[in-house]
Each structure stands twice: as structure tokens, then as C-alpha cells.
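K.L.:
below is the structure, and that's it, no one-letter string:
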Ligand code: DGL
């Protein structure tokens, strides 16, 4: 069995990817992690494919320069529309969040009716639908874009009446669609988990793509002989393209623990161009 003690690289359009890092830390407690959050250019979810692809290649390039052994793309939008561009640009083990989420949802559904919520770009790409249909073409997938959930989660309005109103509006189609499984196809939505569960009903099974990705990362690294050797104390390093203070403040809520050092970088010059 071979090992690789270099860090895992994780990137996201901003802060939301910390909800994925949280699960990576739990499932792989000895892996070193380097995170890049493109806070200066967030959100990606309302941008065109060309732009998301370009940003994604720059983000991955930054992590590669830090000598990571694999990259986990925590951002659903990038995983949905930009993974191919990153794969074409670099020869690096790469894992996105769409397929793990799709696999977990296909396993969970009994009624073969799955709801998927995400950014405008993620839903327009139909990536979850494609991934679910590759497993079982008879599953019906209903995708709904919920763009306002991102700022509401960042604002900390996770139980606010305004957020409930927005959720009721967005999720009304799902409520009448008799889904039994719902994929949280965006990094921010796990913060709204309880409210979303309440709105769609307790009989709907909620799948957190980021959490599923953390589980699949273990198998992914094991198969490639890339797990860290032994049980070292892990190191976590965070890089952002805008204010580190804001990231640290908000990030503790997304990560569920205090953030260590956060460093600001200029992604257009530090991405190795
Ligand atoms: N990280 C994005 C995602 O998971 C949400 C925020 C954004 O739009 O950039 O799709």
C-alpha cells in the first residue's frame, strides 16, 4: 500500500465550501487540508459557464502550486459546469460533489422521485439529473434554483421568518411533487437544513452532497494510494481572495469550529499565470 502525506486541496467560490471541509475533517481526521475560497469573485452560481470554467482553472492552479495530492471541488456550481475544464487543464486526482450526492440520492429514494436544489447555474446544467439518470434512468428529478438561500445563509438568517417565506415559495413545487428525497446541491444549504426539512416535511430524506463527498473521498484516496501515512496531527491552511477577517468571522459558523490562520492572496497573479 502506498501513501501520500501531502495535503488535500479544496476550493470553493467562497465560504460555503467550509461545510464540505467540516465533513472531510471528521471523516479523514489525519489529512492535511489546504482550502481556497474565492471570496473576491463569489457568487459563481449566477455566472455563465465560460466564466465559472476560467475561475475554476485559476482556483485549481493556485492549489496545485501548493503541491496538493488531490483536489476536492466543494462548490456545486463548479462541480456542475467547470469540472471538465479543470480536468482538461491539469492531471490531478479530482473529485466533485455532484456524483457523490447523486449516488446517495439514488440509493435513498423509494418512490423514484428526487428533488434537487442549487444555484441557477447548477440547476440549469442538469448535472444532478444526468448523474442520477446514469444510475437509474427511471428516476424523476425535479430541480429548483434557490439563489436567495446563499445570501440568507451568509446573513445567518437560518431560522428567520423571511427565510421561511422564501423557502415556502421556492419549495412549493417540490411539496406537490411527492418527492421522497431532496439533494442539497449547494454548499450553503446545509446551514438551512432544519428549515428546509420543516418546509418539505419530515418524510423527505435530505441528502447533503458535501457530506457524501467526504465519505467518497476516503475511498477515492484509498484506491489511488493517496492516504496520509500514520496518524499525524493534521494542519489546516485557509486562503481567500478577499478580506480574511470577514472569512474568519463567517467561516466559524460554516465550519462549526474556530478558524486558524487565514491568508489573503491575489488569485489572478498567484494562480501561476
Ligand atoms: N458555492 C456555491 C455552490 O455550491 C454557492 C455560492 C455561489 O453561488 O458561488 O454552488
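P.N.:
Nice, thanks for sending it over. Quantities reported herein were computed from a predicted structural model and do not represent experimental measurements. Numbers count the residues shown, from 1 in each chain.
K.L.:
ok, the residue of the stretch 101-250 of the chain at minimum distance from the ligand - contacts?
P.N.:
Going by C-beta to the nearest ligand atom, the ligand is nearest to residue 187 of the stretch 101-250 of the chain, at 3.7 Å. All C-beta atoms are positioned from the backbone trio N, CA, C, and that covers glycine. Neighbouring residues of residue 187 by C-beta atoms under 8 Å, 6 or more residues apart in numbering: 12, 13, 16, 17, 18, 19, 20, 74, 75, 76, 210.
K.L.:
my guess is the third one contacts residue 188. True?
P.N.:
If I follow you right, that is residue 16. Yes - judged on C-beta atoms under 8 Å, residue 16 makes contact with residue 188 at a distance of 4.6 Å.
K.L.:
what do those two both touch?
P.N.:
Counting by C-beta under 8 Å, 6+ apart, the common neighbours of residue 16 and residue 188 are 150, 153.
K.L.:
of those two, which one has the most company?
P.N.:
residue 16 (30 against 25; other C-beta atoms under 10 Å).
K.L.:
could you find the closest non-adjacent residue to the more buried one?
P.N.:
Leaving aside its chain neighbours, residue 16 sits nearest to residue 187 (2.9 Å; criterion: C-beta to C-beta, 6 or more residues apart in numbering).
K.L.:
please tell me how far the residue of the stretch 101-250 of the chain closest to the ligand sits from residue 168.
P.N.:
Computed with C-beta to C-beta, to the nearest Å, the distance linking residue 187 and residue 168 is 22 Å.
K.L.:
tell me which parts of the protein are close to the ligand?
P.N.:
12-14, 16, 42-45, 75-77, 118-119, 122, 150, 186-188 (C-beta under 6 Å from any ligand atom).
K.L.:
which of those residues fall in helices?
P.N.:
Per DSSP state H, helices hold the following members of those: 76, 77, 122, 150.
K.L.:
neighbour-wise, which one of those leads?
P.N.:
Neighbour counts for those peak at residue 76, which has 39 neighbours (criterion: other C-beta under 10 Å).
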